[in-house]
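[1] predicted model follows, preceded by the sequence.
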Amino acid sequence: MSQRSECMCAGLAGLFSWIGRAPRELVLDNAAEAGRRVRGEVAESSLFSVFRAHYRCSSRCCNPYSGNEKGPVENAVGFVRRNLLVPVLRVGSLAELNALLQEGYDRLSASSRARDGRPTPEALAEDLAVMLALPPAHYTEKRLDKEQDVGCISQENL
């Protein structure tokens, strides 16, 4: 397990909390944060397994060097980077950065359209309707020692 795994789970948990739902399936570009690729198969870290179990979602990893599997996502990342992160933001905390990004996303979403021409908020509402409800307990992770990682469930801040 690495700090990258902890950051990935914390980031996803924050995103799920922000949108109020969890996806049925996570599609990962790089398995390194979720575990290790051994002979072509991903062996999940215990942290990521507990995280997935908490949110009741499945996962799959894209094939290495298969850009065709993730082209639309790469395009979306570039769009967000150009529209929300240029020029480089100066912030005093991660919370401040997240608030600025959420404001920017809401602004972009309100004025954009999905591929089929519908307003993005309408398409998002349809996507959210088929996603999973969040569990009643908030997900947090705590690292016990260098050899062991465990996901913890907390009732704090519900």
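    Looks like it arrived, so ask away.

[2] so where do the strands sit in the chain?
    For the chain, applying DSSP state E gives strands covering 21-22, 25-28, 35-38, 41-44, 58-61, 132-133, 138-143, 149-154.

[3] buried set for the third one?
    What it means is strand 35-38. residue 35 (16 or more other CB atoms under 10 Å). Glycine gets a C-beta too; all of them are placed from N, C-alpha and C.

[4] quick one: strands adjacent to it?
    strand 41-44 (antiparallel) (DSSP bridges).

[5] what about the closest residue in space to residue 56 that isn't next to it in sequence, how many neighbours?
    Distance criterion CB to CB, 6 or more residues apart in numbering; nearest residue to residue 56, sequence neighbours excluded, is residue 132 at 5.8 Å. Residue 132 is flanked by 13 other residues according to other CB atoms under 10 Å.

[6] who touches residue 132 in this structure?
    By CB atoms under 8 Å, 6 or more residues apart in numbering, the residues touching residue 132 are 21-24, 55-57.

[7] out of those residues, which is most surrounded?
    For these, the largest number of neighbours (other CB under 10 Å) sits with residue 22, at 22 neighbours.

[8] need the contact list for it.
    So residue 22 contacts 16, 55-57, 131-134 (CB under 8 Å, 6+ apart).

[9] so where's this structure uncertain?
    Residue ranges of the chain with pLDDT under 70: 1-2, 30-31, 64-70, 141-158.

[10] and the helices in it, which stretches?
    Ranges of helices within the chain are 3-19, 46-55, 71-84, 94-111, 120-129, based on DSSP state H.

[11] would you reformat those as TSV and include distance to residue 29?
    Output for these, formatted as TSV (distance: least, CB to CB, whole Å):
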stretch	distance to residue 29
helix 3-19	11
helix 46-55	14
helix 71-84	7
helix 94-111	19
helix 120-129	20
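
[12] nearest to residue 33, out of these?
    Counting by CB to CB, residue 33 lies closest to helix 3-19 out of the helices of the chain; the figure is 4.1 Å.
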